Each structure stands twice: as structure tokens, then as C-alpha cells.
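Next comes the sequence, and after it the predicted model I'd like to discuss.
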Amino acid sequence: MYQSYEKLEVWQKAVALSARIYELLRDCRDYGFKDQVCRASVSIASNIAEGMERESKKETVHFLHIAKGSCAEVRTQVLIASKINYISADDFEVVKNEAESISRMLHGLVKALCDKS
């Protein structure tokens, strides 16, 4: 089920989101929290890539679902980050909205793959 994942807008947005999170938390000294959020953000793009490299639609969809779950994890963690003043409310809104957009795109991609005969 090969399709170049680098050309997918959703993968590109996931990479950009991860880079933004790394930048926002660059000076965060709560290393456990920082590591968790960064790992979750990297997981989104990584699972899209891994899924798109799989040979079957079932495997591809499985990894896209994992990526979607990582989006929810990131949204939760950046909410916590904003509540404990690790990031600003404005940065929270930007990251949350981007993660929600990625999640919707993943949902659409899964639907398109499943609707394909």
C-alpha cells in the first residue's frame, strides 16, 4: 500500500507541529513532561510514515489510528502545559487547533482508504 508519505499534507503538518512543540518547550526544565509531549508529537508523523509504508490497507489504517491517538495525547498535554504556565494561552490555542486539524485530516484519510475498493 505504498504512497509517498512525504507528499501528504497531513504528514507535513505533523512534522511542523512537532517542531513547534520542541521550540515551545526548548527551555522547559521539567524534562519528564517535556519528553512525554515531544515523544507524543513525534509519534504523529512517525506513525503516518510507518503506516503509509505498510503493505496492507489494514496495517496502514492501524498506524493512522495510532497517529490520531497521539494527536489526542498532544492536545491533552499542551492543555496541561498551558494550565501550569509552561506555554502561553495563545500558543496553546495554536497547537491545539493544529492538532485538531491533523486529527480531522487523519480521519479523512482513513475514511478514504476504507472506502477504496
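Here it is on my side, so go on.

In this structure Ser103 contacts Lys68, no?
Yes: counting by C-beta atoms under 8 Å, Ser103 touches Lys68, with 5.5 Å between them. C-beta: built from backbone N, CA, C; applies to glycine.

burial of Ser41, as a residue count?
Using other C-beta atoms under 10 Å, Ser41 has 27 neighbouring residues.

so what's it up against?
Contact analysis of Ser41 by C-beta atoms under 8 Å, 6 or more residues apart in numbering lists 14, 17-18, 21-22, 70, 74.

Distance check, it against Lys116.
Noted for Ser41: a distance of 29 Å to Lys116, by C-beta to C-beta, to the nearest Å.

how about the residue most central in space within the chain, secondary structure?
The residue lying closest to the centre of the chain (C-alpha atoms, centre = their mean) is Ile44, at 3.3 Å. The assignment at Ile44 comes out as helix when based on DSSP: H, G, I helix; E, B strand; the rest coil.

I'd like the distance from Val74 to Glu98, if you could.
The gap separating Val74 from Glu98 is 9 Å, by C-beta to C-beta.

Could you name every residue contacting both of the two?
Leu17.

tally of neighbours for the nearest residue to Glu6 once chain neighbours are set aside?
Closest residue in space to Glu6, ignoring its immediate chain neighbours: Gln12 at 7.7 Å, by C-beta to C-beta, 6 or more residues apart in numbering. The local packing of Gln12 (other C-beta under 10 Å) involves 14 other residues.

Just the CA atoms of the strand or helix carrying Gln12, as CSV, please.
For Gln12, the host element (DSSP states H and E) is helix 9-24. Once non-C-alpha atoms are left out, helix 9-24 reads as follows in CSV (Å, rounded to 0.1, in the frame of the first residue of the first chain):
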residue,chain,number,x,y,z
GLU,A,9,-0.1,17.4,3.7
VAL,A,10,-1.1,15.7,7.0
TRP,A,11,2.4,14.3,7.4
GLN,A,12,3.9,17.7,6.6
LYS,A,13,1.7,19.4,9.2
ALA,A,14,2.5,16.7,11.8
VAL,A,15,6.2,17.4,11.3
ALA,A,16,5.6,21.1,11.6
LEU,A,17,3.6,20.6,14.8
SER,A,18,6.3,18.5,16.4
ALA,A,19,8.9,21.1,15.5
ARG,A,20,6.7,23.8,17.0
ILE,A,21,6.3,21.9,20.3
TYR,A,22,10.0,21.3,20.5
GLU,A,23,10.5,25.1,20.1
LEU,A,24,7.9,26.0,22.6
